[in-house]
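Chemist: Predicted model and sequence below, questions to follow.
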Amino acid sequence: MKRFVLRVLPWVLALPAAAWAVFRIAGWDDGYPMAQLMAFTPYVAAGALVPLAVLLGWRRWAAAGLAGVTALALAVVVLPRWFADGDPTAGAAGTPLRVMSANVLVGSAGSAELVALVRAHRVDVLALQEVTPDFLAAADAAGLGGELPYRADHSVPGVEGSALLSRYPLRDGGMRVNPGGFRQAYAEVVVPGGGSVLVESAHPLAPWADFVTPLWARGVEGQPRATPDGPVRVLLGDFNATLDHHLLRDLIGSGYRDAADVLGRGLSGTWGPYDGDPIPPVTLDRVLADRRVGVKDFQVLELPHSDHRPVYAELVLP
């Protein structure tokens with residue numbers, strides 16, 4: 001029995017992370033529960049070093065080889081988010097556009113604090129998710145209307161609300177409804193000296209249970225694709241997906257760039273911890289910009305009374 005345990009235990013140590021790497025690389029992540037679990041791939045990548053070290057110290061070479069290949073594979077898919085790409089378009093001549101996205105947790109986030117962030121970062125376009133009419137009224141009372149007077153307001157009581165607020169005029173504004181009911185406000189922002197840019201506040205349904213995961217997959221898959229040979233587009237918000245979900249990678253591959261990834265800040269968590277639960281933060285909120293758009297700055301900010309952290313980016317329009 002002891003001999004059997006000694007033969008099996010090394011593979012018990014090596015196989016879980018190896019299976020995870022297979023699911024990640026193959027893109028088997030649009031079913032439940034992998035749609036949820038895949039968001040934690042960066043933590044699995046770091047944890048994969050533990051069985052590798054144990055097996056090397058134990059001299060279980062075959063299992064250690066598998067653990068080594070696994071650790072390398074996970075590092076290859078995760079570590080690039082830590083390194084800036086080098087963006088020649090960021091310093092090119094163009095028009096700056098400062099954008100921010102904030103999920104305000106069913107209108108419970110600090111409205112005055114949000115206005116303070118808008119002022120401090122001189123935000124030109126603000127995308128809101130889970131925004132309610134009462135929240136917008138409180139934010140306007142704190143001065144938001146004076147900063148961002150133009151808006152596509154599709155706020156409603158509950159989690160489905162969406163809004164797009166702008167310093168510059170908007171035209172052709174509207175709303176899309178994702179599978180599951182979450183709204184997405186969109187409009188064309190008319191930027192002085194910079195033409196116009198299509199902006200949309202993304203918010204597909206979260207894959208929080210088995211029966212809603214197909215709706216999540218359809219919501220992410222149905223996000224507006226980039227138009228690199230047409231109008232300039234920026235898509236920002238709470239995507240309820242990470243760079244370890246193949247549906248989001250496919251969306252970015254249509255011609256977007258992830259602002260955080262461009263600047264080497266793609267591992268900054270934007271969601272969590274959750275009501276004191278010991279769950280590590282994951283990166284759900286992001287700014288996706290047409291690949292013609294420069295990315296000069298990206299920051300993850302703080303907003304009290306929300307389970308999401310706002311994301312801010314300074315873009316350079318072509």
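Modeler: Nice, I can see it.
Chemist: mind listing the helices for the stretch 151-300 of the chain?
Modeler: In the stretch 151-300 of the chain, the helices defined using DSSP state H, counting those that start in this stretch lie at 213-221, 246-252, 259-262.
Chemist: With respect to P51, which of the ones you listed lies nearest?
Modeler: helix 246-252 (25.5 Å; CB to CB). In this view, the C-beta of every residue, glycine as well, is placed from N, C-alpha and C.
Chemist: how about the closest one as CSV, C-alpha atoms only?
Modeler: Only the C-alpha atoms of helix 246-252 are listed here, as CSV (Å, rounded to 0.1, in the frame of the first residue of the first chain):
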residue,chain,number,x,y,z
HIS,A,246,-11.4,32.7,-25.0
LEU,A,247,-14.6,34.6,-25.8
LEU,A,248,-13.0,37.8,-24.6
ARG,A,249,-9.7,37.0,-26.4
ASP,A,250,-11.7,36.5,-29.6
LEU,A,251,-13.4,39.9,-29.1
ILE,A,252,-10.1,41.7,-28.6
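Chemist: Run the chain-centre distance for that helix.
Modeler: Averaging C-alpha positions (CA atoms, centre = their mean, to the nearest Å) puts helix 246-252 11 Å from its chain's average.
Chemist: re the thing from before, JSON lines for the helices of the stretch 151-300 of the chain, including mean pLDDT?
Modeler: Formatted as JSON lines, the helices of the stretch 151-300 of the chain follow (pLDDT from 0 to 100):
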{"stretch": "helix 213-221", "mean pLDDT": "98"}
{"stretch": "helix 246-252", "mean pLDDT": "98"}
{"stretch": "helix 259-262", "mean pLDDT": "96"}
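Chemist: so which of those gets nearest V115?
Modeler: Ranking the helices of the stretch 151-300 of the chain by proximity to V115 (CB to CB) places helix 259-262 first, at 22.6 Å.
Chemist: show me where pLDDT drops low in the stretch 201-318 of the chain?
Modeler: 273-277 (pLDDT under 70).
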